[in-house]
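1. Any chance you can model this:
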Amino acid sequence: MKRQLPILVVDDQWPMRQALTAALRDMGFHDVITASNGQEAVRVLSGTPVSAVISDWNMPGMTGIGLLRWARMQPALAGLPFMLVSAETDRDRVRMAIQAGVSEYLVKPYTVQDLANKIQRILGKEWCEAPLRVQSGDKVLGLANAAEVEARVDSSTILVVDDVPANIEVIAEILKGDYATVAATSGPQALQIVHSAQPPDLILLDVLMPEMDGYEVCRVLKSDAATRDIPVIFLTGNDRVEDVVRGLEVGAVDYIAKPAEPSILKARIRTHLRLKLAFANLSRQNTALAASAKLREDVARITQHDLKNPIAAIISGVDILLESGGHSEAHAEMMRMMQAEAWRALDRVNQSMSLYRMETGTFVLRPEPVDLVSILDTVRSETLKAFSGMALKIRFAASDGTEPPAGCYIVQGERGLCHSLFGNLLRNAAEASQEGGAIDVRFSAGEAGVTVSIRNDGTVPSEIRDRFFEKYVTAGKPDGTGLGTYSAKLVTEAQQGTIAMVTDEKAGTTLTVTLPAPAVKE
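-> Next up, the predicted model:
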């Protein structure tokens with residue numbers, strides 16, 4: 001394997017960079033360079049030869065897929081072994097990576113052996129010279145579905161309803177060779193056929209018939225859940241505007257005047273048969289999606305609950321190991337890092353459970369005095385560390401323009417919720433900022449409580465401004481989930497606060513959060 005050049009590890013999480021570096025060194029790769037995001041990695045690759053890149057996918061600023069695409073556009077890096085690391089196994093996501101020229105794709109969580117196997121592959125000669133490409137079969141997705149639709153249309157059965165047998169014979173002759181036909185000479189007979197073991201796929205219905213006219217037949221069909229989805233086309237000599245309107249109002253999908261032009265009749269039949277299949281397919285997909293969403297929520301809720309005990313066991317187990325002593329400083333540091341990450345994971349589980357309760361209306365707030373300056377100072381440090389390659393500035397100021405001291409802006413809320421709330425907002429502001437940009441955080445107090453405004457120079461895209469706080473709304477972020485501002489709104493309102501956004505091409509974007517101050521004790 002090529003070991004004369006360093007390996008570049010790119011990840012916005014310091015513990016992951018440390019863990020990857022340690023694993024690579026155990027494999028014999030002693031020269032490892034790290035970067036905390038895509039921009040920092042670009043600077044490294046622009047001036048330092050490396051033997052391979054191992055990059056996380058989801059990172060603030062330039063993502064791993066963005067870094068990969070940039071590298072493949074550089075002549076000197078076009079064949080550089082490049083491994084993407086992600087927790088996602090979605091087919092489209094993997095295909096995106098392959099199309100961008102990835103050499104290997106490593107799914108989290110992974111073992112050291114998994115990593116070693118991938119490293120051996122990407123550093124082999126064949127992997128350097130021939131990056132993976134999309135297989136030709138992957139480019140024809142959906143064609144089989146289209147062919148299946150046409151096959152089902154061709155095998156359809158058409159019910160022709162007319163009280164004049166000669167008219168039925170004419171229509172049957174037109175459709176011969178394209179569809180199977182059945183016939184009825186009255187409304188009651190047509191309804192009997194429709195409710196048989198083999199109902200038709202489409203009905204051609206005359207209007208003027210004795211005993212039960214076509215309008216009444218159509219009303220009966222559309223009032224029955226078992227038959228309402230069968231397309232009805234009126235085929236009649238009544239072609240006045242009011243007749244057409246009435247036919248469509250009772251539920252027909254089309255209205256054709258006699259005598260019907262064969263090519264037009266067949267074209268309209270085929271169109272409505274295709275639409276019927278499309279709607280049926282959408283209905284099945286919606287049902288499956290609803291069931292999948294409920295299952296996903298149930299699994300997530302159960303998983304969140306069941307994760308708390310093993311995470312707590314990891315935290316306690318690391319404590320016991322550290323207290324037992326006898327470890328090298330490097331191993332002790334690794335254990336402390338594992339414990340810190342376990343605490344973070346436990347906090348995220350707790351926060352996600354709180355968000356679920358907020359959505360379902362079962363959340364119970366346990367308020368306490370929270371120092372917002374202290375919270376935001378911690379969040380500022382975390383954000384600057386995560387976006388270290390962007391050289392951002394996050395500036396604090398009180399209402400009088402001075403640096404706000406700790407203890408001056410106290411609200412009544414939950415510390416964990418406030419940390420999550422402002423962590424989301426500062427991260428969003430950083431993602432919207434230019435390299436070297438500034439984020440201004442202003443604190444003020446009033447009758448409504450404490451107000452924190454967060455301003456950056458970016459602008460919210462016009463197409464999502466009115467839906468900025470809605471669930472899954474995102475724009476301009478290839479890996480965005482649309483949950484950050486949605487959860488910020490939930491968390492703010494759960495603490496009896498308010499949140500608002502204003503954006504302008506010149507003034508930038510400002511998020512304003514107001515949380516209630518603690519009640520004054522008499």
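2. Enumerate the positions of the host helix or strand of Gly247 that are buried.
-> Here Gly247, judged by DSSP states H and E, is contained in helix 241-249. For helix 241-249, the neighbour count (16 or more other Cβ atoms under 10 Å) marks Asp243, Val244, Arg246, Gly247 as buried. All C-beta spots, glycine's among them, are computed from the backbone N, C-alpha and C.
3. And the furthest pair within those?
-> With Cβ to Cβ as the measure, no two of the buried residues of helix 241-249 lie farther apart than Val244 and Arg246, at 7.3 Å.
4. Next up, identify which helix or strand the residue nearest to Thr510 when sequence neighbours are not counted is on.
-> Using Cβ to Cβ, 6 or more residues apart in numbering and skipping residues adjacent in sequence, the residue nearest Thr510 is Arg455, 4.4 Å away. Per DSSP H and E: Arg455 is located in strand 449-456.
5. now stretch 320-339, how far from the chain's geometric center?
-> In terms of Cα atoms, centre = their mean, to the nearest Å, the centre of stretch 320-339 is found 38 Å from the chain centre.
6. what's it in contact with?
-> For stretch 320-339, the surrounding residues in contact (Cβ atoms under 8 Å, 6 or more residues apart in numbering) are Pro15, Gln18, Ala19, Ala22, Ile314, Ile315, Val318, Asp319.
7. CA-only coordinates of the strand holding Arg455 in PDB, if you can.
-> Provided in PDB are the C-alpha atoms of strand 449-456 (Å, rounded to 0.1, in the frame of the first residue of the first chain):
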ATOM      1  CA  GLY A 449     -38.900  38.900  29.100                       C
ATOM      2  CA  VAL A 450     -35.500  38.500  27.600                       C
ATOM      3  CA  THR A 451     -35.000  38.900  23.800                       C
ATOM      4  CA  VAL A 452     -32.000  37.500  21.900                       C
ATOM      5  CA  SER A 453     -31.600  38.400  18.200                       C
ATOM      6  CA  ILE A 454     -29.200  36.600  15.900                       C
ATOM      7  CA  ARG A 455     -28.200  38.300  12.700                       C
ATOM      8  CA  ASN A 456     -26.100  37.100   9.700                       C
END
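8. And for Arg72, nearest residue in space, chain neighbours not counted?
-> Excluding the flanking residues, the one nearest Arg72 by Cβ to Cβ, 6+ apart is Gly101, at 4.3 Å.
9. now swap in Glu431 and tell me
-> Pro60 is the one closest to Glu431 (Cβ to Cβ, 6+ apart), at 5.6 Å.
10. got a pLDDT number for the one you found?
-> If you check Pro60, the pLDDT there is 82.
11. So it lies in a strand, does it not?
-> No - read with DSSP: H, G, I helix; E, B strand; the rest coil, Pro60 is coil and lies in no strand.
12. Let me see the contact set for it.
-> Counted by Cβ under 8 Å, 6+ apart, Pro60 has contacts Asp12, Asn37, Ala386, Phe387, Met390, Arg427, Ala430, Glu431.
13. Give the full set of residues in contact with the first one.
-> With contact set as Cβ under 8 Å, 6+ apart, Asp12 has these partners: Ser36, Asn37, Asp56, Met59, Pro60, Ala386.
14. Reformat the contacts of stretch 320-339 as a markdown table; add distance to Tyr110.
-> Shown next, in a markdown table, are the contacts of stretch 320-339 (distance: Cβ to Cβ, whole Å):
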| residue | distance to Tyr110 |
| --- | --- |
| Pro15 | 15 |
| Gln18 | 16 |
| Ala19 | 11 |
| Ala22 | 14 |
| Ile314 | 18 |
| Ile315 | 22 |
| Val318 | 21 |
| Asp319 | 26 |
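15. Give me the neighbour count for Val373.
-> 21 (other Cβ atoms under 10 Å).
16. Repeat that for Glu104.
-> 22.
17. Go ahead and confirm it touches Ser86.
-> No - when contacts are counted by Cβ atoms under 8 Å, Glu104 is not listed as touching Ser86 (11.6 Å).
18. ok so, going back, give me the residues contacting the helix or strand following the helix holding Gly247.
-> Following helix 241-249 in sequence order, the next helix or strand is strand 254-257 (DSSP H and E). The contact list for strand 254-257 (Cβ under 8 Å, 6+ apart) reads 231, 233-239, 243-244, 247-248, 264-265, 268, 272.
19. Having no further points to raise, I will conclude here.
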